[in-house]
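**Student:** Pasting the sequence and the predicted coordinates here, then a few questions.
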2 protein chains.
Amino acid sequence: MDYIQRLSDRINSDIAKLDFGTEPKNLYSPIRYTLNSGGKRIRPVLCIMAAEMFGGKYEDVIEAAIGIETFHNFTLIHDDIMDKSLERRGQKTVYKKWDTNIAILSGDAMSVLALERVTKVRNFEVLEIFIQTAIEICEGQQYDMDFERRLDVSVQEYLKMIKLKTSVLLAASLKTGAFLASASSEECDNFYNLGINLGMAFQLQDDFLDTYGNVEKFKKGQLGNDIVSNKKTFLLIRALEKATPELKAQLIHWLNVEIFDGNEKVRAVKKIFDTLHVKEDSENLINEYFQKAETNINNIGVGLDKKRYLTEIVNNIKNRDY
Amino acid sequence: MDYIQRLSDRINSDIAKLDFGTEPKNLYSPIRYTLNSGGKRIRPVLCIMAAEMFGGKYEDVIEAAIGIETFHNFTLIHDDIMDKSLERRGQKTVYKKWDTNIAILSGDAMSVLALERVTKVRNFEVLEIFIQTAIEICEGQQYDMDFERRLDVSVQEYLKMIKLKTSVLLAASLKTGAFLASASSEECDNFYNLGINLGMAFQLQDDFLDTYGNVEKFKKGQLGNDIVSNKKTFLLIRALEKATPELKAQLIHWLNVEIFDGNEKVRAVKKIFDTLHVKEDSENLINEYFQKAETNINNIGVGLDKKRYLTEIVNNIKNRDY
């Protein structure tokens, strides 16, 4: 079993052992349900990896790493209410399995528990990174909701939104690990930027794969969900930005029409995307962010062998096609 | 102008000056709206008073005090969603003025901003008191929601619920103030207990006044709201606990009946309360908690003149009749 898998298993086992309360059940059961529902644990893995690269110990970082993972899971509970999502990681979302009030409140408690966990490393700088990041994530989610009602979102605004909603927590994970292992402030900043670039690439890729992914492996239902649900992805935003008045009118027609045949809509919108070459724009931007991430990895001041698992993670993300 | 009013004004002015972000507007406007909507600022007032009794300075405590007040206001935003409350402090609740998603998310951000504020005093003990309290408040709110669906809530369970939902934050306010002014750990515990006892008295009194308050001064609509809405107050829980099978059946009838004339229900339920003497039980318990609070004040190891404003606050609460 390889290092990354072992690390992820160890984190899972530590999360399963968390000793927060049991009563009231309606508060704590949804928290356990969410925290133990799996997920790739990419944030704590990155946090611990960064620390270990600089000689930091798992034990000295795990509390912060679990705090970050707990906060991420809290945001999923509340996001699922806001987005009316029915499933998450193959099981019912909390507000569907229990109810909205329980999902609101168990999320609230989880946010505090996340912070409690981060506090255990007894370091105000780490707390400050975490708090700043937590606020930015809320800002990102609000922008995302605001964008749903707008047709004039610019690519720049979109990139800012995904940076806040997704990238900053990956960045904080890496920076926290490096910081707790006493890496220099330049190293910490470099890790932060790596997280930002990796997060941007990942999120843009998520948008890309929903439309252009491998149809046989794609897990989130069928390809084209984002097109059917009018999601403001990079592809759509870029298309709206580039379109001639005529194509824009066509796009807006598809956004507004009551649709019964999703496939027809997906075909039509993809055809517009093709005309505007937004697929290529997306691929270019994704590659740009992956290249920046690779430069960040090159800049880390440790030997190549110490970087190999981090490189492996980035390559795994880069090569996914679904 | 007296000390308490001056203190409260100064806190209000500092809250109005808080420098958190402005964009996205849908995130920050509800936070400002809530924080600047008034309220008695009882928690920060108590926090600063406790500190000043031991020679602590306003400046050294205000960040923690505002953090506590911010957290309290965050809980109101989410509680109002859960309780479907239309108004708060004479203005629309956040989820009514904006929408539920915005209320969830601005509450989430406010909870983090509260913590950010408390972090500014750079003291891990203070942070631990705050985090522990924040978790307990979530537990209390969950018990409160759970109780809505139950008819077998005991008085003991009820007292535990209001302790968590209301008292612990008053207790944490007083203890934090004393702690930051370097009071001994016995003094800190005594302040904590004072907050608990005052909170219990206050919440029981709230229940009491909704049914037996001064009808001409009562602000929350008409008297008897709790009876009309089947709220699990001390009065109702105690009545269900004491009632003969026959009276219990009558009470349950009134809880289940579709009612068009609220007054008729209020009259009928009050009559059952009278038969069971739950008004007296309530008064006795309220007095018991006020007496304990007075003992706590007596035990504070500073001169009487330093305690007079704290005594004034307790007396103001004790003597309210609406």
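**Tutor:** Cool, got the structure. Everything quoted here is computed from the prediction, not taken from an experiment.
**Student:** CA atoms for contacts and neighbours, from now on please.
**Tutor:** OK.
**Student:** Next, work out how far apart residue A:42 and residue B:17 are.
**Tutor:** As judged by CA to CA, to the nearest Å, residue A:42 and residue B:17 stand 39 Å apart.
**Student:** okay, the two: which has more neighbours?
**Tutor:** For residue A:42 versus residue B:17, neighbours defined as other CA atoms under 10 Å in any protein chain shown are more numerous around residue A:42 (14 against 9).
**Student:** pLDDT at residue A:116, what is it?
**Tutor:** Looking at residue A:116, its pLDDT reads 97.
**Student:** Measure how buried it is and give me the count.
**Tutor:** Neighbour count of residue A:116, defined by other CA under 10 Å: 21.
**Student:** Kindly report the same for residue A:19.
**Tutor:** Neighbour count of residue A:19, defined by other CA under 10 Å: 8.
**Student:** And the pLDDT for it?
**Tutor:** As predicted, residue A:19 sits at a pLDDT of 87.
**Student:** Next, it: phi, psi?
**Tutor:** Main-chain dihedrals, residue A:19, degrees, to the nearest 10: phi -110, psi 30.
**Student:** now do the one 4 residues further on
**Tutor:** Dihedral pair for residue A:23: phi -110, psi 140, per degrees, to the nearest 10.
**Student:** contacting residues for the nearest residue to it once chain neighbours are set aside?
**Tutor:** In space, and not counting its chain neighbours, residue A:23 is closest to residue B:139: 7.8 Å by CA to CA, 6 or more residues apart in numbering or on different chains. The contact partners of residue B:139, by CA atoms under 8 Å, 6 or more residues apart in numbering or on different chains, come to A:23, A:24, A:27, B:164, B:165.
**Student:** so of the residues you listed, which ones are in helices?
**Tutor:** residue A:27 (DSSP state H).
**Student:** Please tabulate the contacts of residue B:139 in CSV and include distance to residue A:177 as additional columns.
**Tutor:** Listed next are these as CSV, based on distance: CA to CA, whole Å:
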residue, distance to residue A:177
A:23, 33
A:24, 34
A:27, 30
B:164, 35
B:165, 36
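**Student:** filter the contacts of residue B:139 to the buried ones?
**Tutor:** With burial judged by 16 or more other CA atoms under 10 Å in any protein chain shown, the buried subset of those is A:27, B:164, B:165.
**Student:** What residues does the stretch 101-250 of chain A have near chain B?
**Tutor:** Contact residues, the stretch 101-250 of chain A versus chain B (CA under 8 Å from any CA of the partner chain): A:101-102, A:104-106, A:108-109, A:112-113, A:115-116, A:119, A:122, A:124, A:128, A:131, A:134-135, A:138-139, A:141-143, A:146.
**Student:** From those, which land in strands?
**Tutor:** When these are checked against strands using DSSP state E, none is located there.
**Student:** Point me to the residue of the stretch 151-300 of chain A nearest chain B.
**Tutor:** With CA to the nearest CA as the measure, residue A:161 is the residue of the stretch 151-300 of chain A nearest to chain B, at 10.4 Å.
**Student:** Show me where chain A dips below the pLDDT cut-off.
**Tutor:** A:1, A:218-221 (pLDDT under 70).
**Student:** okay, now the domains of it?
**Tutor:** A:1-183, A:184-322 (automatic domain parsing).
**Student:** Out of those domains, indicate the one that is most buried.
**Tutor:** Looking across the domains of chain A with neighbours counted as mean count of other CA atoms under 10 Å in any protein chain shown, the highest average goes to domain A:1-183: a mean of 20.
**Student:** Good, we can wrap up now.
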